[in-house]
Each structure stands twice: as C-alpha cells, then as structure tokens.
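Peer 1: need a 3D model of the sequence below.
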Amino acid sequence: MLIDSHAHLDDKRFDGDRELLINNLESNGIELVINIGADLQTSIASVSLAEKHENIYATVGIHPHSAKEADQSAMEIFRSFADRDKVVAIGEIGLDFYYDNSPRDLQRKWFKEQLKLAKEVELPVVIHSRDAQQETFDILKEASEDGKLRGVLHCYSGSAEMAAEYVKMGFYISIAGPVTFKNARVVKEVAQSVPLDRLLVETDSPYLTPEPYRGKRNEPIFVKYVAGTIAELRGLSYEELAKATNENTKELFGLI
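Peer 2: The predicted structure is shown next:
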C-alpha cells in the first residue's frame, strides 16, 4: 500500500468518475490521499471531500497563482478549518515565477502570511516553488529560525544540494512523476540522495503523469510508478520504499 501525499481530486477532470476512483483506491494499493487546496474554493472543496471519505485528508491554502485573490477573510476561514480532524496542513503555498499569474509582491506577501498562519495553528506547510528556488529557500529559512515551521517541498525540482539544506532545516522532500522521465537527471539525483526518512512520493493528480502514462490524466494509483522508479534508483525493494514513505507522510501530517 502507498500514500499519495499530494493530489487534486476536486479538479474538474475528475467530475465524471471521482467517487468511483476514491472508492477503488484501496483495491488499487492506495491507503490514503492528501488532497491539496490551491485557493479558497478548492480548499473548501478539499475539506468537503476529506470529510466525506475516510481515506482522504485535506490541506487548505492559496497557491501563488491565486495570490492576487487572497485576503484576510480567506486566512480566517483557513484558521477556522485548522481544528478539523481531516485538515492536516496549510498549502499549497509558495512562489511561482515561471507563470507569474499573480504579481510577485503579492506572491511574497501571502506566502509569508500563510507561513505565519501555519505556525500559529501548528500545522505543517506544503510548498510550491517554480523558477523561484533561491527566494523560496531564503523565505523558508527565515521563517524556520524559531523552530516552529515544518513541511514538505512538493514536486521538488531544485538541486540535490538545496534539498540537503532543506533536510537540515527539518523539511521533507516529495518526488512526483517527472522522476520517471528519461532525461530527468537532477530529480533522479535528488531521489537518490535525500535521506530515506525525509522522502515522500506524490502524483500531483491530475498533473505530471508519470511514464508509462505520460500525457494522460494523472491519478493517485499512478504513484506506484514514482515509488517504483525511486526504489530502483536507491537499490531498495518496492516494499521498503513504500513503508518508509508511508511512515514519513503520516509523521509529517500527524496521522500516526
């Protein structure tokens, strides 16, 4: 059994078969899915989905793409969700300077605000970073200095050297479908070098579908291809990799 530590099952691409997919997770080898909020609407949907299904947990937060839509009322709604049993993190939050769908100053502002919120409600964070590796690192390092911040770098795309620094800061590193791509040299290095007790696996469904289904809709059951590739890279059995990443995910999100 595996845990998919990052998926978006509330996405409209699952509207036709969402319930069937969730009901079949266990029979397809998936123990749990962490469903990720990306704005106020999807955060509410994520909580609703988690409270409906025993094998789904939720995060709430505003993705950098939606930073221009953020306000304090959304933060207060997230704060109110934090006490719910099925809400396990603030995220996904961070910086995205590739698309720049929101102004960078607003991305920075709401990233920092949500890091502050996470520490106040004592929840981990799920971090998105694209084309903003150094600035994301600098913000997280400063926010971590009081020892009250923990979390995961989702779909990690930075260097192995930076991943090692994140591990020193107490963060986990999550690997997604690109590790299965033939020319994904850097993420393969990361998958080999991150300490086993700091490694998570994910799909980011419906995005980033791994080989051999690249180009099709991603689903939580495809996390087995991510895990299998990492196990092979590290010289581990599939079972050893699954056991370790499951334990790490439960530890991070308080599910033990």
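
Peer 1: from the middle of its chain, how far away would the longest helix along the chain be?
Peer 2: With DSSP state H setting the assignment, residue counts place helix 104-121 as the longest helix in the chain. In terms of CA atoms, centre = their mean, to the nearest Å, the centre of helix 104-121 is found 17 Å from the chain centre.

Peer 1: give me the buried positions along it.
Peer 2: Counting neighbours by 16 or more other CB atoms under 10 Å, one finds that the buried residues in helix 104-121 are 107-108, 110-111, 113-115, 117-119. Yep, even glycine has a C-beta here, placed from its N, CA and C like the rest.

Peer 1: can you give me the strands in the stretch 151-256 of the chain?
Peer 2: With DSSP state E, counting those that start in this stretch, the ranges of strands along the stretch 151-256 of the chain come out as 151-153, 172-175, 199-201.

Peer 1: make a markdown table from the ones you listed and add mean neighbour count, distance to residue 123 and mean pLDDT to it.
Peer 2: Supplementary listing: those in a markdown table, determined by neighbours: other CB atoms under 10 Å; distance: least, CB to CB, whole Å; pLDDT from 0 to 100:
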| stretch | mean neighbour count | distance to residue 123 | mean pLDDT |
| --- | --- | --- | --- |
| strand 151-153 | 28 | 9 | 98 |
| strand 172-175 | 28 | 14 | 98 |
| strand 199-201 | 28 | 16 | 98 |
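
Peer 1: out of those, nearest to residue 24?
Peer 2: Nearest of those to residue 24, taken as CB to CB: strand 199-201 at 19.3 Å.

Peer 1: quick revisit: now the angle from the next helix or strand after the longest helix of the chain to helix 104-121?
Peer 2: Heading C-terminal from helix 104-121, the first helix or strand you meet, by DSSP states H and E, is strand 125-130. An angle of 160 degrees separates the directions of strand 125-130 and helix 104-121 when computed by axes from the mean of the first three to the mean of the last three CA atoms, to 10 degrees.

Peer 1: contacts for strand 125-130, please.
Peer 2: Applying CB atoms under 8 Å, 6 or more residues apart in numbering, the set of residues contacting strand 125-130 from outside is 6, 36, 59, 61, 63-64, 89-99, 114-115, 118, 136, 140, 149-155, 157-158, 171.

Peer 1: for this structure, which strand is longest?
Peer 2: Ranked by number of residues, the top strand in the chain under DSSP state E is strand 87-96.

Peer 1: sorry, back to before: of the buried residues of helix 104-121, closest to residue 242?
Peer 2: So of those, ranked by how close each gets to residue 242 (CB to CB), first place is residue 118, at 27.7 Å.

Peer 1: list the contacts for the closest one?
Peer 2: For residue 118, the residues meeting the contact criterion (CB under 8 Å, 6+ apart) are 89-90, 124-125, 149, 151.

Peer 1: which stretches of the stretch 101-250 of the chain form helices?
Peer 2: Counting by DSSP state H, counting those that start in this stretch, residue ranges of the helices within the stretch 101-250 of the chain are 104-121, 133-143, 160-168, 185-193, 223-234, 238-252.
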